[in-house]
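Colleague: this is the structure alone, sequence omitted:
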């Protein structure tokens, strides 16, 4: 009987404040969508770092006929300078940080650039003499790039030392900015949802103050009187959380797996499994925010 009564009170409250309930659902949906997006974006960054950092190479580009670096002296690299660079790579100070070494000739560099720019109208203008030969070094630890920069930048015959991580860090930096922005918006929207739930519960309790007064007179406990109001807020917030989860699932299925993954199959994009990992977090946040807001409102402002 008591369960049936509480369910009836919840249904009555939801019907009486339908517009406010819809507002709570929408605000909760948007706020938790930002929370989920921030969590999944950070997961995407972690996946990409783990994938690409293992493939990072240091490229030691050697002097060509047009090199202007002080270590080139306006001359192409000599065989003796190449042997000296190779010896440094095999030295006890450098070798522990080297996973692999590949030497790319000027002819191989020309083939690679033409393959990468095969659709460009200027691809046929490249010549062998314009291409630098290079040592491509796989790193045992991607974080040790500064060692190679310091050791080889001033060596005769070296034009420049380039780390692929420098290119990736720019991308990761902007992705982290996006994550932070989504997190800030999520916090603001969560606060808005908290306040909206509180307002909704206050209005609902005020509109039913006569019924709650009668219930207290006939001996109903404070918990029985307050529980329907708290559950109203929780149910509204949970519906919003479910809509947010559905939205994130659609984004992953339609945008990420439907478009981005086929266009770049080697990139480790987030999957639907990440959505199911985020879903319990969003549901827990919705229950805690709505339940706490409702309880504090009833305790502070509404004497039931």
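Modeller: Alright, I've got the coordinates. Note that the structure is predicted; figures quoted are calculated from it, not measured.

Colleague: which helix in this protein runs the most residues?
Modeller: helix 164-207 (DSSP state H).

Colleague: does anything pack onto that helix? Which helices or strands?
Modeller: Contact partners of helix 164-207 among helices and strands, from 3 or more C-beta pairs under 8 Å, 6 or more residues apart in numbering; DSSP states H and E: helix 2-16, helix 18-53, strand 57-62, helix 222-250, helix 272-300. Bear in mind the C-beta positions are built from the backbone N, C-alpha and C, glycine included.

Colleague: run through the stretch 51-200 of the chain and note the low-pLDDT ranges.
Modeller: For the stretch 51-200 of the chain, residues meeting the criterion pLDDT under 70 lie at 51-55, 116-123, 165-168, 171.

Colleague: show me what contacts the residue nearest to residue 163 when sequence neighbours are not counted?
Modeller: Excluding the flanking residues, the one nearest residue 163 by C-beta to C-beta, 6 or more residues apart in numbering is residue 145, at 4.4 Å. The neighbours of residue 145, taking C-beta atoms under 8 Å, 6 or more residues apart in numbering as the test, are 56, 58, 139, 163, 165.

Colleague: I'd like the distance between the first one and residue 49.
Modeller: The reference is to residue 56. Remark: distance between residue 56 and residue 49 (C-beta to C-beta, to the nearest Å) = 10 Å.

Colleague: over to the fourth one?
Modeller: To residue 49, residue 163 is 14 Å away according to C-beta to C-beta.

Colleague: could you do the second one as well?
Modeller: With distances taken as C-beta to C-beta, residue 58 is found 17 Å from residue 49.

Colleague: ok, residues contacting stretch 75-83?
Modeller: 62, 63, 64, 65, 67, 133, 155, 156, 157, 158.

Colleague: give me that answer again for 10 Å
Modeller: Outside stretch 75-83, the residues that touch it by C-beta atoms under 10 Å, 6 or more residues apart in numbering are 61-67, 71-72, 84-85, 103, 106, 129, 132-133, 135, 155-159.

Colleague: is residue 63 in contact with residue 72, as I believe?
Modeller: Yes. In this structure residue 63 lies within contact range of residue 72 using C-beta atoms under 10 Å: 3.6 Å.

Colleague: which residues are common contacts for the two?
Modeller: Joint contacts of residue 63 and residue 72 (C-beta under 10 Å, 6+ apart) are 81, 156, 157, 158, 159, 160.

Colleague: top of the contacts of residue 145 by neighbour count?
Modeller: Within the contacts of residue 145, most neighbours by other C-beta atoms under 10 Å means residue 58, with 25 neighbours.

Colleague: quick one: contacts for the most centrally placed residue in the chain?
Modeller: With distances taken as C-alpha atoms, centre = their mean, residue 41 lies nearest the centre of the chain, 1.7 Å away. Neighbour list for residue 41: 175, 176, 178, 179, 180, 181, 182, 183, 270 [criterion: C-beta under 10 Å, 6+ apart].
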